[in-house]
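S.K.: No sequence on hand, only this structure:
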């Protein structure tokens, strides 16, 4: 299993970024995918989850209260990629963002991508 995040960077408050996580080594479409983040001196926290694609063609999503209405998680099974669209960014969103999947009861993580929100 390999997860590779990209898309982080420095952005001003109120700005937007889209993170990507390219997955390989497992059957991507059947697994829920998650985005976590970890700010300096804080524990890693769950930001968003997307289920495997349902019969309606869309994955079910869940968000931390702190990002509801601002972040959107999505997936493209043809590209084995999960995304995190982040709008209206705040300084408190500054963190390293990680992609996560649990396969055969084992969690896998990417290397993370740094997001810094600052003027």
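M.R.: Everything's here; your move. Quick caveat: nothing in here was measured; it's all calculated off a predicted structure. Numbers count the residues shown, from 1 in each chain.

S.K.: tell me, what residue is most central in this structure?
M.R.: residue 35 (3.0 Å; Cα atoms, centre = their mean).

S.K.: Correct me if wrong: residue 110 contacts residue 7.
M.R.: No. Using Cβ atoms under 8 Å, residue 110 is not in contact with residue 7, being 11.6 Å away. Heads up, the C-betas are built off the backbone N, CA and C, glycines and all.

S.K.: Quick check on these two: which one has the bigger neighbour count.
M.R.: residue 110 (20 against 16; other Cβ atoms under 10 Å).

S.K.: Which helix or strand contains the nearest residue in space to that one that is not next to it in sequence?
M.R.: In space, residue 110 comes closest to residue 3 once its chain neighbours are excluded; the distance is 3.7 Å by Cβ to Cβ, 6 or more residues apart in numbering. Assigned by DSSP states H and E, residue 3 belongs to strand 2-6.

S.K.: May I see the buried residues of the following helix or strand past that strand?
M.R.: Downstream of strand 2-6, the first helix or strand assigned by DSSP H and E is strand 9-11. Buried residues in strand 9-11, defined by neighbour count with 16 or more other Cβ atoms under 10 Å: residue 11.

S.K.: Give me the contacts around strand 9-11.
M.R.: For strand 9-11, the external contacting residues (Cβ atoms under 8 Å, 6 or more residues apart in numbering) are 17, 89, 114-118.

S.K.: ok, now stretch 70-82?
M.R.: 20-24, 28-29, 33, 35, 47-50, 53, 59, 61, 63, 83-89, 99.

S.K.: and residue 84, how many neighbours does it have?
M.R.: 27.

S.K.: my guess is it meets residue 48, correct?
M.R.: Yes. Residue 84 lies in contact with residue 48 (Cβ under 8 Å); the separation is 6.3 Å.
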